[in-house]
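turn this into a model:
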Amino acid sequence: LVSTLNGAEFGRPNAGADMVFDFAQLVAHAAKSRPLMAGTIVGSGTVSNVDRSAGSSCIVERRLLEQINDGKAKTPFMKFGDTIKIEMSGADGQSVFGAIDQTVKQYKYGG
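From the prediction side, this is the model:
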């Protein structure tokens, strides 16, 4: 799972390693209590590994690790205009679900 924040790689954790439940188990469990349609996104929570060198896919997790290691958090929270891209590739290197590519925008109430 590759997360890119403002064009810079933020983390590349292995989404299969260190998982308590794999995605097949998560989907099977979710399907027991609700209908799952094509295009449904199933999240596993934050993706991280015991080996911290893979990086994080969660800003809060990274900030907490910085606090533990350095006594203070250095990574800022996202702000308006920031971009995040998340993409998962299979063992063959092909995208599993296509990239999720978003920009943080301020909500403007139209009413």
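
helix, strand or coil: sort out A24 for me.
Following DSSP: H, G, I helix; E, B strand; the rest coil, we place A24 in the helix state.

any idea how far it is from S57?
Separation of A24 from S57 (Cβ to Cβ, to the nearest Å) stands at 20 Å. Bear in mind the C-beta positions are built from the backbone N, C-alpha and C, glycine included.

what's the answer for N49, then?
From N49 across to S57, the span is 10 Å (Cβ to Cβ).

and the two? Which one has more around it.
Taking other Cβ atoms under 10 Å, N49 and S57 do not tie; S57 has more neighbours (21 against 18).

does that one touch S3 like I think?
Yes: using Cβ atoms under 8 Å, S57 is in contact with S3, at 4.6 Å.

joint contacts of these two?
Common contact partners of S57 and S3 (Cβ atoms under 8 Å, 6 or more residues apart in numbering): F10, G11, I86.

okay, helices next: where are they in the chain?
Using DSSP state H, the helices of the chain run over 23-33, 59-70.

what's the average pLDDT for the longest one?
The average of the pLDDT scores along helix 59-70 is 93.

tell me where the model's unsure across this structure.
111 (pLDDT under 70).

which residues touch stretch 23-41?
F21, V42, S44, F97.

next one: stretch 84-94
Residues contacting stretch 84-94 (Cβ under 8 Å, 6+ apart): 1-5, 10, 15, 57, 78, 95-102, 104.

just to revisit the earlier point, mutual contacts of N49 and S57, please.
P13.

and for the nearest residue to Q67 once chain neighbours are set aside, the neighbour number?
Spatially, and ignoring its direct neighbours in sequence, Q67 is nearest to A73 (5.3 Å; Cβ to Cβ, 6 or more residues apart in numbering). Using other Cβ under 10 Å, A73 has 16 other residues around it.

in contact with A73, which residues?
Contacts for A73 (Cβ under 8 Å, 6+ apart) come out as R63, L64, E66, Q67.

measure I41 to I68 for me?
Distance, I41 to I68, using Cβ to Cβ: 31 Å.
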